[in-house]
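*Asks:* Sequence isn't available, so here's the structure alone:
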């Protein structure tokens, strides 16, 4: 199977040039990849000139319009027939491609993908999932990161199944360690919703995961959990707190290094160390937020991703297709509906 | 007014020695402070030997029991007549002291303080508030950090009033900038609860704050807001994500510095810079989590605080008393109940 991936060439801060360069980089590593670039034809042709090898594996689908960063989801939906984002997602729906990658407006992409692809059988709501860096070698999968402001226990259970399938594919674990985000690890902690979700996951047999109860937000980066499940509000708060604090600490460090001549000299000498730090925190190395739970694979690349970041997002999309993310999710959903009426397949 | 402060001498990882040393340090800076040390009399006497000047300003109240770190709030409540924590809080209730400081079990302290002191008129639920470091000179006040798992809009409005009063006292602002934590800054973002709270705060006249709408968790540390208001679940998630990420980034940095001889040399030279960083992130410099909304001042010191941290907590307690935190909160609550029936005083 040669994955063919639609690329929204107009999303992202840098537009077609970076999206095409990212696809070229991904194809350099995976010769089988095929692409459908969606967006302004002239800009895409121009960008493809720098990557002659890529052209043979690429088609262009001209889209007259672009979803802007400020567009509300509703606006983006109404225009989706003529925007590069809408047309890229639609190509997944028609089966022309097996996945879509966009670096555009997250809310718009979610709305368009949800409407065009619909949720999978057994999934009530899709979730936004991402890979976050940890102290260990593998990233942690976290979801939902903001697609659903409020969630019930069924949603959380379904997110756990989706996150575990994602982790199995990305990290090759047979049984990823899954925990629910909470404000304490004792059984009685948190809301009734969280406790219900935990009970369902504990009670289900034969899942492809080790459900290990609750975790707290200070454990996200330690690498002791493979999948962290939460509602979209808390997940978004946690994600942004992580991003903000990483920036805060590195800014403080920069300021400290500039505070004296001695520190400046020390900084120059230890530059390989600070560059290693930057590399480990670089979002480009953890790129590939995924909308899970839809009838199709849609990957959101960071708006500011460089070619390396886009290539990572493309590879995530390809792996999810090749390793049958949808089938893996369905399989575990079935097991849950067998043991718990709470999470049974929604009609 | 010479504030007299009850110190739970047995709470905290280091026990009486550090609590007494912290009180001594605070008194060194504020000669008027008086103390009531509550706990094992022999241990307190022993610790006071190192601080002869403190003894004249101190009384000892012997408490036979101690709340342990593992005690559930219910257990702690039942034993509160004989524990150092319970007796320290009770001294606030009887008026023997004007505030209490404990470095013990947070959940137990909250439960004991709530039962003994009750919530202020007009406040439905107390909140746990803390000072967090920012890129600017002043810390940000954030609440609730975990006292209330679920909150309604009235709770959030009351937290805003309490947090603003805390910020005014700690940082001397006339009108602190107050925002509600949300997952976007547009008006339509977030839950109905948050939107309702925003509407009430926007509609209220004459408050001692500038209510400026929504903020996201990546702005907590930027210093652009003085008070961030949220429910206890999200607040706890954000706080722990901040703590975890600060540790994560500094651990990565340490690892990077140790990765080569060159980096190690650079590290030694730039040590003043990394020490400056450590100092800015040191919880001892931001110590003094406060339970706001009770009929009395109760400050929670970090369990691992050193003498400097305890002294900070003691100073926070003294300032809240001297600057009449309860009156400041009442004043703004009255203004809100005049403009909005939603937040009117609870009977």
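*Replies:* Received the coordinates, thanks. Bear in mind that the values here come from a model prediction, so they are computed numbers and not experimental data.

*Asks:* Only C-alpha atoms from now on, for both contacts and neighbour counts.
*Replies:* Noted.

*Asks:* what about the strands in chain A?
*Replies:* Counting by DSSP state E, one finds strands in chain A at the ranges A:4-8, A:34-39, A:58-62, A:99-102, A:127-132, A:140-143, A:177-181, A:210-215, A:227-229, A:289-292, A:297-300.

*Asks:* if we compare those, which one ends up closest to chain B?
*Replies:* strand A:177-181 (8.3 Å; Cα to the nearest Cα).

*Asks:* Spell out which parts of the stretch 1-150 of chain A neighbour chain B.
*Replies:* Listed as neighbours of chain B in the stretch 1-150 of chain A under the rule Cα under 8 Å from any Cα of the partner chain: A:134-135, A:146, A:149-150.

*Asks:* can you put those in JSON lines and add distance to residue B:86, pLDDT and neighbour count?
*Replies:* Rendered in JSON lines, the data for the residues of the stretch 1-150 of chain A next to chain B read as follows (distance: Cα to Cα, whole Å; pLDDT from 0 to 100; neighbours: other Cα atoms under 10 Å in any protein chain shown):
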{"residue": "A:134", "distance to residue B:86": "41", "pLDDT": "92", "neighbour count": "23"}
{"residue": "A:135", "distance to residue B:86": "40", "pLDDT": "90", "neighbour count": "17"}
{"residue": "A:146", "distance to residue B:86": "42", "pLDDT": "91", "neighbour count": "24"}
{"residue": "A:149", "distance to residue B:86": "39", "pLDDT": "92", "neighbour count": "18"}
{"residue": "A:150", "distance to residue B:86": "38", "pLDDT": "93", "neighbour count": "14"}
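
*Asks:* And the helices in the stretch 101-250 of chain A?
*Replies:* Using DSSP state H, counting those that start in this stretch, the helices of the stretch 101-250 of chain A run over residues A:106-117, A:153-171, A:192-203, A:232-257.

*Asks:* Just say which of those is most tucked in.
*Replies:* With neighbours defined by mean count of other Cα atoms under 10 Å in any protein chain shown, none of the helices of the stretch 101-250 of chain A is more surrounded on average than helix A:153-171, at a mean of 26.

*Asks:* from the chain's centre, how far out does it sit?
*Replies:* Distance of helix A:153-171 from the chain centroid (Cα atoms, centre = their mean, to the nearest Å) equals 12 Å.

*Asks:* how about it, does it reach chain B?
*Replies:* No: using Cα under 8 Å from any Cα, helix A:153-171 never reaches chain B; the gap is at least 15.5 Å.

*Asks:* quick one on the thing from earlier: which pair in the residues of the stretch 1-150 of chain A next to chain B has the greatest spatial separation?
*Replies:* A:135 and A:150 (30.2 Å; Cα to Cα).

*Asks:* Tell me which of the strands of chain A lies nearest to residue B:231.
*Replies:* Once Cα to Cα is applied to these, the stretch that comes out nearest is strand A:177-181, at 15.4 Å.

*Asks:* Parallel or antiparallel, list what pairs with that closest one.
*Replies:* Paired strands of strand A:177-181, with direction, are strand A:210-215 (parallel), strand A:227-229 (parallel) (DSSP bridges).

*Asks:* Point out the most buried one among the ones you listed.
*Replies:* On a mean-neighbour basis (criterion: mean count of other Cα under 10 Å), the most buried of these is strand A:227-229, at a mean of 30.

*Asks:* wait, what's in contact with the residue of the stretch 1-150 of chain A found nearest chain B?
*Replies:* Taking Cα to the nearest Cα as the measure, the point where the stretch 1-150 of chain A comes nearest chain B is residue A:149, at 6.3 Å. Going by Cα atoms under 8 Å, 6 or more residues apart in numbering or on different chains, residue A:149 touches A:231-233, B:190-191.

*Asks:* This completes my enquiry, with thanks.
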